[in-house]
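>>> Mind folding the following:
(chains A and B)
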Amino acid sequence: MNEIAPVAEAFDLSQYISSQENKSFLRFLTCGSVDDGKSTLIGRLLYDTKLIFEDQLAALEKDSRKHGTVSDDIDLALLVDGLEAEREQGITIDVAYRFFSTDKRKFIVADTPGHEQYTRNMATGASTADLAILLVDARNGLLTQTRRHAFIASLLGVRNVVLAINKIDLVDFDQTRFEEIKAEFETFSSGFDFDSCEVIPLSARFGDNVTNRSEKLSWFKGPTLLEHLEQIDIGSKHHSSEFRFPVQWVNRPNLDFRGFSGTVRGGAINVGDEIVVAQSGKTSHIDKIVTMDGDLISAKDGQSVTLTLKDEIDISRGDVIAPVHSRPDVSDQFAAHLIWMSEDAMLPGRPYLLKCGTRTVGASVTEIKHKIDVNTFDHHAAKQLELNEIAFCNLALSERIAFDPYEANKDTGSFILIDRMTNETVAAGLIWFGLRRATNVHLQALDVDKASRSALKNQKPVVLWFTGLSGSGKSTVANAVERKLHGLGRHTYILDGDNVRHGLNKDLGFTDVDRVENIRRVAETSKLFVDAGMITLVSFISPFKAERRLARELMDAGEFYEIFVDTPLADCESRDPKGLYAKARRGEISNFTGVDSAYEAPENPEIHLKTTAKTAEALADEIVERLLTDGFLGQNKP
Amino acid sequence: MDNHSQSHLKGLENESIHIIREVAAEFENPVMLYSIGKDSAVMLHLALKAFYPSKPPFPLLHVDTTWKFKEMILFRDQTVKKHGLDLIVHRNEEGVKNNINPFDHGSSNYTHEMKTEALKDALTKYGFDAAFGGARRDEEKSRAKERVFSFRSSTHGWDPKNQRPELWSLYNGRTGKGESIRAFPLSNWTELDIWQYILSEGIDIVPLYFSKERPVVERDGTLLMLDDDRFPLREGEKVEQKQVRFRTLGCYPLTGAVESSADTLEGIVSEMLVARTSERSGRLIDHDSSGSMEKKKREGYF
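Okay, here's the model as predicted:
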């Protein structure tokens, strides 16, 4: 028999395990401004709840001598600041997740950074939290970052907040100071939709009122921080509890089994219930709810299961299964709050990827309704969004998706935007409501279509998109190509950058935002010309890859030829046919491509013209030859 | 996930299954790193659950340093056979040829060559665009910072200061050519959760976790087991038979044993409850300096 775990202890163990099973679970985050002591507070909670092992404590003592910011004592913040850079600088850069438990609850803490440039990491922590602890330094009271974090927590649907007035020891445990900050916070937070809001004075460094009641704070009658965290009832995450099941993976081990694997996001479902596939409107009934531990008769919010249906209907990843009587919204347009998380500004019209549930589609912001000042909560007009800015926007998607308002369901009402070039996550979004416009404007079916129009012209329509620096020779080459095609009896049209700016786009300037809109309009216009069966030549600097890609994606496959008119900047500048480079160099024109605005060269253009060695005529012949080879100029050879 | 209406362990299980399925659905060529330890055992169990009645749609990869405990290799082969899974075993053959070993080359050089480099080699060789690892955020400070979907550059490097924001349960699995994602489905589990789950699900683990009389030698305050005759004894060192078990498993010359009499899962869990040292202290490679795990991770270690 073993010595360490005798029979008596083994008995305690089984009791212990069943008590663990019944423990509730709370996820919270700590936030607030720099140096308000967030990491120290978590270190204190871990230390006081005996979650620090002896070897970790020894390492901490060693580290405190090397990096510590609190002179002789062990620096509890070093328990959580895990990255070298964080330890060196004594700050928190990224979210750290920590775990501790008491007799009553298990906790996951997200420790989030206070510095403004890391606000996006704070939003990351808040997205999965039930409760937020906002720290303030008793000496400083509420700061900009405190307000910003309270606002983000509220926006992300964190319904329970604790204002921890830290470093109370540094104001001599003064009740008047506590009441001042409390009053200020209560005025400030009354506009938010918090279910609970507790204000607690404490000292994370010395442990007063964190887990242990402090004599020095005898005037405070409320709970200690830990008591509050153990007791608070956070209720359900979803305000409405309709069944939602975003399909992750089609489960098809053999011909006899076809199931749909996913996680229930809200509500519950029973065998026999009638369901609908939100996007297609196809209905069926639940046949089985399959798990490796045996079939279930029902499944509820949070459970990962595999559903089989009574009927063979078409379902794939990204579809949402819902009850027939309470379907989610299905639309390709909605209004949402966006938290911008990228160094590169968000430009309306620029194409991004949007991931909502298990569905990823193309998306762009069609309009910024207003930007929100996180200090005053005032609304401002905006043309673009910078890092950490929050705005209310309209978005348009490439396909219809199923969703709910974020308020009703955090899982089916949230999304991220992904940059198509860098693959970075550039924004977090919270859906407010669907926009009906798109659903009510149905496409008019026409009897004469693109194929019949172009057949009459004995050609296949195509967009020849000439891109290159100002003065590279785009218009000259495009002009020569049109002349040659016209001579061959083909139907063409040129959309020239400068000419279009005199009419269709005369309201647009040269900022990044306007350049994107400029291209969007020209791309849409050339799409109409292609639909009319024309060979459409577009001669535009179009400096950004993202917008050229937008134009490409509007057309059908094979209908877009990107032609890179590749002339070195020095040559363009020495030609300077319109005297623009000279003006830009003198500072009379700003945002001039190649001078103070970037040109992103195409990586894989269909046609790459090196202009220095050839004449415009020769280059034009090259293009016509290519169109002939690729079958755009019909049967009869010229 | 609604954490309030289901038990703590079921909540973790559901979250992990969701993550494992997301990887299988979003990547073309994922792989599951299988290190044979208790965390791998739990991860594999969750993968079996995630795709049931199908088999997991990806192979397992074991990076074999050639210094693993014999019982681990035996257990690995039995497990793969039992579940009918695909297993890829990869070794740094150059390192084997040059006899890179933990005794002559030091733990840090050895680990770099036989584990980190071998792993990167294998990922490049097979073109995996996603690799599951069983790491947990409670293990170590730099792990506590890591995302569930952790982006790796085309040279397998990790940039801890520039991680993608990761909100709700929306994981961004987009990568460019040659880049990859390390996915950590056990991120939110603690060591105690792992043991409780093994206990409640009846998951098989390598017998080395259970106490038994084994031949050990004490070196620099650590008990090392002599798993075969490649272990060179230093002067004055004496092999003793002791009642020991392992809290983590790795290469036998780098894995410290603890004296214990816990020979059942119940015994292990109750020992854990009174334990005063963290599990990674049994791994010699972490002790070089406080930032050593972050450094290894930047270089491509799991």
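
>>> For residue 100, which residues are in contact?
Assuming you mean chain A. Contact analysis of A:Phe100 by C-beta atoms under 8 Å, 6 or more residues apart in numbering or on different chains lists A:Leu45, A:Leu46, A:Thr49, A:Leu51, A:Lys106, A:Phe107, A:Val109. Quick note: C-beta positions are derived from backbone N, CA and C, even for glycine.

>>> nope, chain B
Contacts of B:Ile100 by C-beta under 8 Å, 6+ apart are B:Asn92, B:Asn109, B:Tyr110, B:Glu113, B:Met114.

>>> thinking again about what came up before, of the contacts of A:Phe100, closest to chain B?
Nearest to chain B out of these is A:Lys106 (C-beta to the nearest C-beta; 5.6 Å).

>>> got any ranges where the chain has weak pLDDT?
Because you didn't say which chain, this covers chain A. Counting by pLDDT under 70, the ranges of chain A that qualify are A:1-14, A:16-18, A:20-22, A:50-58, A:60-74, A:79-93, A:114-117, A:235-240, A:436-447, A:635-638.

>>> not quite, I wanted chain B
Using pLDDT under 70, chain B drops low at B:1-6, B:274-292, B:302.

>>> After the lengthiest strand in chain B, which helix or strand is next?
When chain B is scanned for its longest strand (criterion: DSSP state E), the result is strand B:212-219. The helix or strand immediately downstream of strand B:212-219 is strand B:222-225, counting by DSSP states H and E.

>>> Tell me if that following strand is near chain A.
No: Strand B:222-225 is not in contact with chain A by C-beta under 8 Å from any C-beta of the partner chain; minimum separation 12.0 Å.

>>> Over to the residue in the stretch 101-250 of chain B positioned nearest to chain A: give its phi and psi.
Proximity of the stretch 101-250 of chain B to chain A (C-beta to the nearest C-beta) peaks at B:Lys141, 3.0 Å away. Dihedral pair for B:Lys141: phi -60, psi -40, per degrees, to the nearest 10.

>>> how close does it get to B:Pro185?
B:Lys141 is 20 Å from B:Pro185, where distance means C-beta to C-beta, to the nearest Å.

>>> related to what we said a few turns ago, just the buried residues out of the contacts of B:Ile100, in PyMOL syntax.
Only the buried members of the contacts of B:Ile100 enter the following PyMOL selection, criterion being 16 or more other C-beta atoms under 10 Å in any protein chain shown:
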select buried, chain B and resi 92+110+113+114
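
>>> Now intersect the contacts of B:Ile100 with the helices, please.
Counting by DSSP state H, the part of the contacts of B:Ile100 found in helices is B:Asn109, B:Tyr110.

>>> Can you add distance to A:Met421 and give the contacts of B:Ile100 back as a markdown table?
Listed next are those as a markdown table, based on distance: C-beta to C-beta, whole Å:
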| residue | distance to A:Met421 |
| --- | --- |
| B:Asn92 | 35 |
| B:Asn109 | 39 |
| B:Tyr110 | 40 |
| B:Glu113 | 36 |
| B:Met114 | 37 |
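
>>> from the contacts of B:Ile100, which two are the most distant?
Greatest spatial distance among these (C-beta to C-beta): B:Asn92 and B:Asn109, at 12.3 Å.

>>> ok, now how distant is the residue nearest to B:Phe210 when sequence neighbours are not counted from A:Asp48?
Of all residues not flanking B:Phe210 in the chain, B:Asp263 sits nearest, at 4.8 Å (C-beta to C-beta, 6 or more residues apart in numbering or on different chains). B:Asp263 sits 34 Å away from A:Asp48, going by C-beta to C-beta.

>>> who has more neighbours, B:Lys141 and B:Pro185?
Set B:Lys141 next to B:Pro185 and count neighbours by other C-beta atoms under 10 Å in any protein chain shown: B:Pro185 wins out with 28 against 24.

>>> Spell out which residues of the stretch 1-150 of chain B are next to chain A.
Going by C-beta under 8 Å from any C-beta, the residues of the stretch 1-150 of chain B near chain A are B:1-9, B:11, B:13-14, B:17-18, B:21-22, B:24-25, B:48-55, B:137-138, B:140-145.

>>> Those, buried ones only, as a ChimeraX selection?
Here is the ChimeraX selection string for the buried members of the residues of the stretch 1-150 of chain B next to chain A, based on 16+ other C-beta under 10 Å:
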select /B:1,2,3,4,5,6,7,8,9,11,13,14,17,18,21,22,24,25,48,49,50,51,52,54,137,138,140,141,142,143,144,145
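
>>> Now, the residues of the stretch 1-150 of chain B next to chain A that are in helices?
Among these, the members falling in helices (DSSP H) are B:8-9, B:11, B:13-14, B:17-18, B:21-22, B:24-25, B:48-51.

>>> Now compare the residues you listed and name the two farthest from each other.
Farthest pair in these, by C-beta to C-beta: B:His8 and B:Ala25, 26.5 Å.

>>> Do you have the helices of the stretch 301-450 of chain A handy? List them.
A:437-440, A:450-456 (DSSP state H, counting those that start in this stretch).

>>> hmm, I was thinking of chain B
Under DSSP H, chain B gives helices at B:8-26, B:38-51, B:70-83, B:93-97, B:106-111, B:118-126, B:191-201, B:265-274, B:292-299.

>>> how does the chain divide into domains?
Because you didn't say which chain, this covers chain A. Per the record, chain A has its domains at A:17-231, A:245-323, A:329-434, A:450-629, by automatic domain parsing.

>>> nope, chain B please
Using the TED database, the domain parsing of chain B gives B:3-197+B:291-299, B:207-286.

>>> re the thing from before, if we look at chain B, which of the contacts of A:Phe100 are close to it?
Restricting the contacts of A:Phe100 to those within reach of chain B (C-beta under 8 Å from any C-beta) leaves A:Lys106.

>>> what's the helix or strand A:Glu186 falls within packed up against?
Counting by DSSP H and E, the element that carries A:Glu186 is helix A:175-189. Other elements packing on helix A:175-189 under the criterion 3 or more C-beta pairs under 8 Å, 6 or more residues apart in numbering or on different chains; DSSP states H and E are helix A:144-155, strand A:160-166, strand A:196-201.

>>> among those, which is the most enclosed?
Looking across the helices and strands packed on helix A:175-189 with neighbours counted as mean count of other C-beta atoms under 10 Å in any protein chain shown, the highest average goes to strand A:160-166: a mean of 25.

>>> what angle do that one and helix A:144-155 make?
160 degrees (axes from the mean of the first three to the mean of the last three C-alpha atoms, to 10 degrees).

>>> Parallel or antiparallel, list what pairs with strand A:160-166.
strand A:131-137 (parallel), strand A:196-201 (parallel) (DSSP bridges).

>>> how much distance is there from the helix holding A:Glu186 to the middle of the chain?
34 Å (C-alpha atoms, centre = their mean, to the nearest Å).

>>> got the buried residues for that helix?
Counting neighbours by 16+ other C-beta under 10 Å, one finds that the buried residues in helix A:175-189 are A:Arg177, A:Phe178, A:Ile181, A:Phe185, A:Phe188, A:Ser189.

>>> ok, back up a step: please dump the helices of chain B into TSV; it should also carry distance to A:Asp130 for every row.
Shown next, in TSV, are the helices of chain B (distance: least, C-beta to C-beta, whole Å):
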stretch	distance to A:Asp130
helix B:8-26	12
helix B:38-51	24
helix B:70-83	37
helix B:93-97	48
helix B:106-111	39
helix B:118-126	37
helix B:191-201	19
helix B:265-274	27
helix B:292-299	30
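
>>> pretty sure A:Ala126 is touching A:Arg159, no?
No: using C-beta atoms under 8 Å as the test, A:Ala126 is too far from A:Arg159 to be in contact (11.5 Å).

>>> Would you mind measuring the gap between the ends of stretch A:608-622?
10 Å (C-alpha to C-alpha, to the nearest Å).

>>> scratch that, stretch B:230-248 is what I was asking about
21 Å.

>>> before we move on, what about stretch A:184-202?
End-to-end span of stretch A:184-202 (C-alpha to C-alpha): 18 Å.

>>> So which residues make contact with it?
With contact meaning C-beta under 8 Å, 6+ apart, stretch A:184-202 is reached by A:41, A:138, A:141-142, A:147, A:150-151, A:154, A:159-166, A:168, A:173, A:178, A:181-182, A:208-210, A:217, A:220, A:222-225, A:228, A:232, A:235, A:377.
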